[in-house]
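> When you get a sec, could you give me coordinates for this:
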Amino acid sequence: MTATKSHSLFRSTAIVGAASVLPKAMVLVKDVAIAAALGRGDALEAYLLALAIPTTLGIAATAAMAPVLAPVFMRLQQDASKGAGEIRDVLRQATLGLTLFSVVVFILMWLFRDGIVDLTAPGFAPEKKAMMSAVLPVLAASLLFSNLAGLWSGVLIAERRLALAVITPAAVPFTILLAIFSGNMTADADVLAWATLCGAVIHAALTGWVVQRRGWLVGPGWPAGLWRREGQGLFQQYVILVVGSLTMAATDLVDLSMAASLNAGDPAAVSFGAKITMIVTVFGAGMLGTSTLPHFADLAQRDRQAFIQSVRKVAITVALIGALGTVFIALFGEMLVSLIFERGRFGEDDVKAVAAVNFMFAFQVPFYLAGIVLARAISAIGENRFLTIGAVINLTVNIVMNYILMQYMGAAGIALSTSLMYVVSCLFLLVMLWRTLRKPGVA
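Numbering: from 1, shown residues only. Just a heads-up that it's a prediction; the model follows:
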C-alpha cells in the first residue's frame, strides 16, 4: 500500500512539474523582458510596490482554498446521496465571500490610494509615488479575478486535476509579454498594470471554463442551513489559514517596502534578486503543494503510519535536492543573473547589485521546500492553527532581521533575512508536526 501511494505521489508530482514548465517559463521570459525594457528604474519599482499590495491580499484569500477544500471534497464525495449538492453549496458561499472581499478591497484601495502609497513606500520620491498611486486601483481591480481563479484552482486540486490547476496561471505573464512586445520593448507602470489586469481576467476565464466543464461552476449564494452543517467549521479553518497566509505573504511586501527606504534601485534589486531562487522554490512549491495535499489528506484519513513515513521521506528528499540547488545558485549566481537579465536597460552595475542579493536568497531553498511539505502535512491533519502561529513568527523574524541586516548589508541584508526566516519556519513546523503526531488518535 505504501509503495503504491508513493508511486502515486511521484506520478502526481511529475505531472504537476511537467505542467508547471509553461507558466514558470512564461514568468521568467516576462521578467527578462521587463528588465530589458525598464532596468531598475522608477517605473518598475512603482509597479512592483503597487502590485505587492493586492498580491499579498490575493495570496491570503486563495492560498487557504485548496487546504480547506481538498479534505471536504474527499469526505463529501463519499456520500453519493447529497455530497455533490453539499459541495456546490460550499462553493456558493466561498464565491460570495471572495467577491465581497475583493470589492471592498478595491473600494478602499481606490479611495485611500495616496495614503497607502505613503505608508508602504515612504522613501519614494514624489514622482515615483504619483506613478504608484496611479496604477494601484488598476491592480486592485485584478484582485477579484485572481481570487476567483484561486477558488476554482482549489476545486481542480481537490479533484486531482492537478495539471489544469497549474497551467492556467500562464495567462498573466503571457499577457504582460504581449503588452511589452507590442510596444517594441518599451513600457511604463501603466502598461504593466493594465496588462496584469487583463491577464487576471483571462486566467479567471480559463479556470472557470475548466471548472464549468467539470460541473462545479456556481454563482455566489448563501444556502440555507449550510452554515450549521459545514459552513461554520470550514469558515473557522479558512480564517485561520487566511490569517497565516496574509502574514506570510506580507513578508514580500515588507521586503520591498523596507528596501524602498534604501537607495533608488534597491527594491528592484530585491525583486530581481529573488527571481533565480524563485525558479527553484516556486517551481518546487507548486509541484509539492499541489500534489502532496490530496496525497497526505488521503493517507491521514486511512493510514497513520503510512502518512508519517510519506511525510518524512518526501521532506528529506526535497531538502536534499534543495541543498543542491543552493550550492548551484551560490556558485553560478552572477553568471546566471548576467545570462538571464543583462540586456537593454539592465547593465553591468545592475548585474552586480542583483547577484549580491541573489546569493543571499539562495540559502533558503532547502528549508523553503521542506517547509512546504510540512505545511501540507499539517493541513492534512486539520492543525492549520500552527501555520498561522508560524506565519506570525516568520513575519516578526523577517522585520527584525531586515532592520538589523539592511543597516550593514543593504538590499543583500534583506535577502539574507528572508533566508533566515525560512530556516526558522521549517524548524517550527517540524517541531509542531512531530509533537502533534505523538498524540494518540491524531491522523
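> so what's residue 254 up against?
395, 398, 399, 402 (Cβ atoms under 8 Å, 6 or more residues apart in numbering). From N, CA and C alone the C-beta is placed, and that goes for glycine too.
> Could you dump these into TSV with distance to residue 262, neighbour count and secondary structure added?
Below are those laid out as TSV (distance: Cβ to Cβ, whole Å; neighbours: other Cβ atoms under 10 Å; DSSP: H, G, I helix; E, B strand; the rest coil):
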residue	distance to residue 262	neighbour count	secondary structure
395	20	19	helix
398	16	26	helix
399	15	17	helix
402	11	23	helix
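> Relative to residue 151, which of those residues is nearest.
Compare each of these with residue 151 using Cβ to Cβ and the shortest gap goes to residue 395, at 25.0 Å.
> Surely that closest one is in contact with residue 247?
Yes: contact criterion Cβ atoms under 8 Å: residue 395 and residue 247 qualify, at 4.9 Å.
> Okay, now the unreliable bits of the stretch 301-443 of the chain?
Low-confidence segments of the stretch 301-443 of the chain, defined by pLDDT under 70, span residues 301, 440-443.
> Return the member of the contacts of residue 254 nearest to residue 95.
Within the contacts of residue 254, distances to residue 95 taken as Cβ to Cβ reach their minimum at residue 395, with 29.1 Å.
> Surely residue 383 and residue 436 touch.
Yes: taking contacts as Cβ under 8 Å, residue 383 lies within contact range of residue 436: 5.5 Å.
> Residue 45 versus residue 397, what's the distance?
Here the criterion is Cβ to Cβ, to the nearest Å. By it, residue 397 lies 25 Å from residue 45.
> Please say which of those two ends up with more neighbours.
residue 45 (28 against 20; other Cβ atoms under 10 Å).
> Contacts only, for the more buried one.
124, 128, 260, 264, 265, 267, 268.
> who wins for neighbours among those?
For the contacts of residue 45, neighbours were counted using other Cβ under 10 Å, and residue 267 has the most, 30 neighbours in all.
> phi, psi of that residue?
Phi and psi for residue 267, reported as degrees, to the nearest 10, are phi -60, psi -40.
> Give me the nearest residue to the most centrally placed residue in the chain, chain neighbours excluded.
The C-alpha lying nearest the average C-alpha coordinate of the chain belongs to residue 59 (Cα atoms, centre = their mean; 5.7 Å). For residue 59, the nearest residue in space outside its immediate sequence neighbours is residue 249; the separation is 4.0 Å by Cβ to Cβ, 6 or more residues apart in numbering.
> Likewise for residue 362?
residue 329 (3.9 Å).
> for the helix or strand where the one you found lies, packing partners?
Secondary structure from DSSP states H and E places residue 329 in helix 304-341. In terms of contacts (3 or more Cβ pairs under 8 Å, 6 or more residues apart in numbering; DSSP states H and E), helix 304-341 is packed against helix 2-38, helix 266-302, helix 348-361, helix 365-380, helix 411-437.
> so which strand or helix has residue 256?
With DSSP H and E as the criterion, residue 256 is inside helix 232-259.
> got the angle for that helix vs helix 348-361?
Here the directions of helix 232-259 and helix 348-361 differ by 140 degrees (axes from the mean of the first three to the mean of the last three Cα atoms, to 10 degrees).
> sorry, back to before: tell me which residues in the helix holding residue 329 are buried?
Using 16 or more other Cβ atoms under 10 Å as the burial criterion, the residues of helix 304-341 that qualify are 306-308, 310-311, 314-315, 318-319, 322-323, 325-326, 329, 333, 336-338, 340-341.
> didn't residue 430 look like it was pressed against residue 375?
No: applying Cβ under 8 Å as the test, residue 430 and residue 375 come out as separate, 10.6 Å apart.
> Neighbour count: these two, which is higher?
Shown here are residue 430 and residue 375; by other Cβ under 10 Å, residue 375 has more neighbours (28 against 16).
> Distance of that one relative to residue 159?
21 Å.
> go on, residue 194?
Following Cβ to Cβ, the distance that separates residue 194 from residue 159 is 33 Å.
> And for residue 374?
Counting by Cβ to Cβ, the gap from residue 374 to residue 159 is 24 Å.
> more crowded one of those two?
residue 374 (26 against 19).
> Can you report how many residues lie near the closest residue to that one other than its chain neighbours?
Spatial nearest neighbour of residue 374, excluding adjacent residues (Cβ to Cβ, 6+ apart): residue 429 at 4.0 Å. When neighbours are counted by other Cβ under 10 Å, residue 429 registers 24.
> wait, residue 166 sits on residue 149?
No: between residue 166 and residue 149 there is no contact under Cβ under 8 Å: 11.9 Å.
> Need phi/psi at residue 343.
When quoted as degrees, to the nearest 10, the phi and psi of residue 343 stand at phi -170, psi 160.
> quick one, what contacts the residue nearest to it when sequence neighbours are not counted?
Closest residue in space to residue 343, ignoring its immediate chain neighbours: residue 36 at 4.9 Å, by Cβ to Cβ, 6+ apart. Residues counted as contacts of residue 36 (Cβ under 8 Å, 6+ apart) are 185, 341, 343, 344, 345, 346.
> Repeat the analysis, applying 7 Å as the threshold.
If a contact means Cβ atoms under 7 Å, 6 or more residues apart in numbering, then residue 36 has 185, 343, 344, 345, 346 as its contacts.
> If you rank these by neighbours, which is first?
Neighbours were tallied for each of those (criterion: other Cβ under 10 Å), and the maximum of 25 neighbours falls on residue 346.
> And the nearest residue to it once chain neighbours are set aside, how far from residue 154?
If the residues on either side of it in the chain are set aside, residue 346 comes closest to residue 35, at 4.3 Å by Cβ to Cβ, 6+ apart. Using Cβ to Cβ, one gets 32 Å for the distance from residue 35 to residue 154.
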